[in-house]
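**Q** Model the structure of this input:
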Amino acid sequence: MSLVANFEITTAAEFRNFVIVARTLEMRYERNLELLPAEDYLAMICYLGRVPNMHKGIAGMAVTPELTVFGGARKLINVFALLGSNGIGSQALKFITSQYAHLVLDCYDSDGLVPFYKRHGFNVEKRDENWTPGGPDVVLMRYNGTK
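**A** Got it, this is the predicted structure:
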């Protein structure tokens, strides 16, 4: 079954609550989704994707409002999509890349994240060893599309 989400700006508090839910419900998010302090989200533009007739957000991401030091791109943070592999994650990336032409993100090289982002136009810019021995590499990825 294919679901279609509508993405809208949400409050920092609501977004952070859904990050907590995502980390609780799915092990991959506990490993890959960093929960930031509440005040950090206040400085970001936070989005939640909702499926009509469902009252809970099922996908989300946050973007820095200003261009970062990473070559004039906004930083994409806390990308998540619940409900398994039903296309909601791809919808989230299509939505955010339609809003912002230049994005950067950090992700772990685990759980298929790097290939997933590559399929959506992100390229590997830098790879660092994890600061935790035996952990997956940390990968900086960049999207340079057109709005």
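
**Q** which parts of stretch 63-79 are buried?
**A** Across stretch 63-79, burial judged by 16 or more other C-beta atoms under 10 Å covers 63-64, 70, 73-79. Every C-beta, even on glycine, is put in place using the N, C-alpha and C of the backbone.

**Q** Could you tell me the end-to-end distance of it?
**A** 10 Å (C-alpha to C-alpha, to the nearest Å).

**Q** need the contact list for the nearest residue to Glu30 once chain neighbours are set aside.
**A** Of all residues not flanking Glu30 in the chain, Arg23 sits nearest, at 4.8 Å (C-beta to C-beta, 6 or more residues apart in numbering). By C-beta atoms under 8 Å, 6 or more residues apart in numbering, the contact set of Arg23 is 29-30, 33, 35.

**Q** Counting neighbours, which of those residues comes out on top?
**A** When those are compared by neighbour count (other C-beta atoms under 10 Å), Tyr29 ends up highest, at 22 neighbours.

**Q** Where does it sit, in terms of helix or strand?
**A** According to DSSP states H and E, Tyr29 maps onto helix 27-32.

**Q** State the mean pLDDT of that helix.
**A** Averaged over helix 27-32, pLDDT sits at 80.

**Q** Which elements pack onto that helix?
**A** Helix 27-32 is packed against helix 12-25, strand 102-108, with contacts defined by 3 or more C-beta pairs under 8 Å, 6 or more residues apart in numbering; DSSP states H and E.

**Q** now with 10 Å?
**A** Helix 27-32 sits against helix 12-25, strand 74-81, strand 102-108, with contacts defined as 3 or more C-beta pairs under 10 Å, 6 or more residues apart in numbering; DSSP states H and E.

**Q** Just the CA trace of that helix, in CSV.
**A** Taking Å, rounded to 0.1, in the frame of the first residue of the first chain, the C-alpha atoms of helix 27-32 are listed here in CSV:
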residue,chain,number,x,y,z
MET,A,27,16.0,0.3,16.4
ARG,A,28,17.6,1.9,13.3
TYR,A,29,16.6,5.3,14.5
GLU,A,30,17.9,4.7,18.0
ARG,A,31,21.3,4.0,16.3
ASN,A,32,21.2,6.7,13.6
